[in-house]
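Student: With the sequence up front, the predicted model follows.
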Amino acid sequence: MELRKGLTLPLPDSLRAILWYNIGGASYTLHDWNNARIAWDSALRFNPRYTDAQRGIEALNDARL
């Protein structure tokens, strides 16, 4: 996935969180639930108040029911 290339760049935590969030969204779209969860959890590590990542995890939990 091309987005992962950005993870090698020296980015501030705020941008790293956005990058991880986008990786999670791409994974979710591909129904790659495990990688979506890992990516959104990673986004929250860099920004614990990132509500979009929190909502992504909630959507993932709903999709898996």
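Tutor: Arrived safely.

Student: Going along the chain, name the helices of the protein.
Tutor: All helices of the chain, identified by DSSP state H, fall at 13-29, 33-46, 51-63.

Student: How many neighbouring residues does residue 30 have?
Tutor: Burial measure for residue 30: 11 neighbouring residues, criterion other C-beta atoms under 10 Å. Using the backbone N, CA and C atoms, a C-beta is placed for each residue, glycine as well.

Student: Same question for residue 16.
Tutor: 19.

Student: Now do the closest residue to it other than its chain neighbours against residue 62, distance only.
Tutor: Counting by C-beta to C-beta, 6 or more residues apart in numbering, the nearest residue to residue 16 once its immediate chain neighbours are dropped is residue 46, at 4.7 Å. Between residue 46 and residue 62 the computed distance is 24 Å (C-beta to C-beta, to the nearest Å).

Student: So for the two, which sits in the more crowded spot?
Tutor: The neighbour comparison of residue 46 against residue 62 (other C-beta under 10 Å) goes to residue 46, with 19 against 8.

Student: returning to what we had before: now for the helices of the chain, which one comes closest to residue 2?
Tutor: Distance to residue 2, taken as C-beta to C-beta, is lowest for helix 13-29 among those, at 9.2 Å.

Student: Endpoint to endpoint, stretch 41-57 covers what distance?
Tutor: Distance across stretch 41-57, first residue to last, is 8 Å (C-alpha to C-alpha, to the nearest Å).

Student: buried ones in that stretch?
Tutor: With burial defined by 16 or more other C-beta atoms under 10 Å, the residues of stretch 41-57 counted as buried are 42, 43, 44, 46, 47, 50, 53, 56, 57.
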